[in-house]
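*Asks:* Output the structure for:
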Amino acid sequence: MFKFAHMADIHIGAHKDKRLIDLEIESFNESIDICIKEGVKFIIIAGDFFHEPVPELEQVRKIIKKLIGLSELNIPVYVVYGSHDKWGSGETIIELLEAAKLIIKIYNPKTVDGKIRLEMYQDKETGVKLAGISARKIGLEKAIFEKLDKEHLESQNGFKIFVFHSGIEEYLPKSWKDVEAVPINWFPKGFDYYAGGHIHKRQELNIQNYRNIIIPGPLFIG
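*Replies:* Numbers count the residues shown, from 1 in each chain. Below is the predicted model of the structure:
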């Protein structure tokens, strides 16, 4: 048995008021302290870690200090882009944190026979296998889901987690009804846990062949 943590929509850099900036950082730091206290083996951030691709560096510096602490404890942080983390083709803070080996970006698509194939990342300590799809502005990741080689993912054995940053079409909250979303049958079946983000409302879903679909909601909103 082991524990892992799943968070999303942290949106570091979303606020300009200093009091809210401080609370934003404090909420992240406290969540990491809880993860450490609870003895989690790894942490998943399912998109929108940051509010924009290159936020204020002073805020990033504070986040880096906390990530270094996790690295020293050998607690990996698995990340996919959210719709705020990457807008175009330029470098982002996510890439810099990955280059510094403070996070592990698990979105790694390649095209095979006209389909998009995701290779699974295996957590070294637990053996858990993770795959994920990053988001883009205005729901452009939907095209990735549509061409996804689901059979490849479904054929993998072991404990599996699928990470995503998209709304589920059939289960959008009423206030999000005009948001571009993904039909549930475009997701790979048979995963043990679906770690979602994007929708700023907690959702816990079990749908047909899809169990343990969790969207935790935002970490802090001010």
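
*Asks:* Which residue ranges of the chain form strands?
*Replies:* Under the criterion DSSP state E, the chain carries strands at the ranges 4-7, 42-46, 77-80, 104-105, 109-112, 115-118, 121-122, 129-133, 160-164, 167-168, 181-182, 193-195, 203-207, 210-215.

*Asks:* counting contacts, what elements does the fifth one pack onto?
*Replies:* In this structure, strand 109-112 makes packing contacts with strand 115-118, judged by 3 or more C-beta pairs under 8 Å, 6 or more residues apart in numbering; DSSP states H and E. Quick note: C-beta positions are derived from backbone N, CA and C, even for glycine.

*Asks:* Look up how far residue 27 lies from residue 15.
*Replies:* 11 Å (C-beta to C-beta, to the nearest Å).

*Asks:* picking that back up, include mean neighbour count and mean pLDDT when you put the strands of the chain into a markdown table, please.
*Replies:* Compiled in a markdown table, these are given as follows (neighbours: other C-beta atoms under 10 Å; pLDDT from 0 to 100):
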| stretch | mean neighbour count | mean pLDDT |
| --- | --- | --- |
| strand 4-7 | 21 | 98 |
| strand 42-46 | 25 | 98 |
| strand 77-80 | 24 | 97 |
| strand 104-105 | 16 | 96 |
| strand 109-112 | 12 | 92 |
| strand 115-118 | 18 | 95 |
| strand 121-122 | 16 | 96 |
| strand 129-133 | 24 | 97 |
| strand 160-164 | 25 | 98 |
| strand 167-168 | 22 | 93 |
| strand 181-182 | 20 | 92 |
| strand 193-195 | 23 | 98 |
| strand 203-207 | 13 | 93 |
| strand 210-215 | 18 | 96 |
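
*Asks:* which residues sit in contact with residue 21?
*Replies:* Residue 21 makes contacts with 15, 59, as judged by C-beta atoms under 8 Å, 6 or more residues apart in numbering.

*Asks:* So which bits of whichever helix in the chain runs longest are buried?
*Replies:* In the chain, with assignment by DSSP state H, the single longest helix is helix 18-38. Across helix 18-38, burial judged by 16 or more other C-beta atoms under 10 Å covers 21, 24-25, 27-28, 31-32, 35.

*Asks:* Okay, the residue nearest to the spatial centre of the chain and residue 193: tell me how far apart.
*Replies:* For the chain, the residue nearest the mean C-alpha position is residue 46 (1.3 Å; C-alpha atoms, centre = their mean). Distance of residue 46 to residue 193, given as C-beta to C-beta: 11 Å.
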